[in-house]
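Engineer: next one to model:
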Amino acid sequence: MAEIDAALADGWTDMLQEGRDAALAETNVTEVADTLRWVGRFYRPPEPPASGIERHHYHLMERVRASLQQDLVAHLRQLTGDQLGDDPKLWVQKYAKPE
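Structural biologist: Next comes the predicted model:
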């Protein structure tokens, strides 16, 4: 498993936040939903790292991811008027481009 150091986690959170910021300026619901899917998939190891500091960085990334997903779901809710709940998967299923 790849190590998750502070600089790497910081760079990843910056990338995620830039994607979120672009999506929040977007009015095309498909584009926002596609970004929501991307945020959910962005570097997600199969299991948390075993070591203390790497585990901390992993959990930091997951907290950032969850916060960004909440922001994007709220934006989709505002754009569409739909009430699909807080699960990002439901919004992706309904509005993202099919894979």
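Engineer: Three-state assignment for residue 47, please.
Structural biologist: Following DSSP: H, G, I helix; E, B strand; the rest coil, residue 47 is assigned to coil.
Engineer: give me the distance between it and residue 38.
Structural biologist: Shown here: residue 47 relative to residue 38, a distance of 21 Å by C-beta to C-beta, to the nearest Å. Just so you know, the C-beta spots here come from the backbone N, C-alpha and C atoms, and that holds for glycine as well.
Engineer: so where's the chain shaky on pLDDT?
Structural biologist: For the chain, the stretches with pLDDT under 70 are 1-5.
Engineer: wait, residue 57 sits on residue 7?
Structural biologist: No - between residue 57 and residue 7 there is no contact under C-beta atoms under 8 Å: 9.8 Å.
Engineer: more neighbours: which of these two?
Structural biologist: Applying other C-beta atoms under 10 Å to residue 57 and residue 7 shows that residue 57 carries more neighbours, namely 23 against 9.
Engineer: which parts of the strand or helix carrying the more buried one are buried?
Structural biologist: Per DSSP states H and E, residue 57 falls inside helix 52-80. Buried residues in helix 52-80, counted by 16 or more other C-beta atoms under 10 Å: 54, 57-58, 60-61, 64-65, 68-69, 71-73, 75-76.
Engineer: centroid residue for the chain?
Structural biologist: Note on the chain: the residue nearest the mean C-alpha position is residue 39, at 2.7 Å, using C-alpha atoms, centre = their mean.
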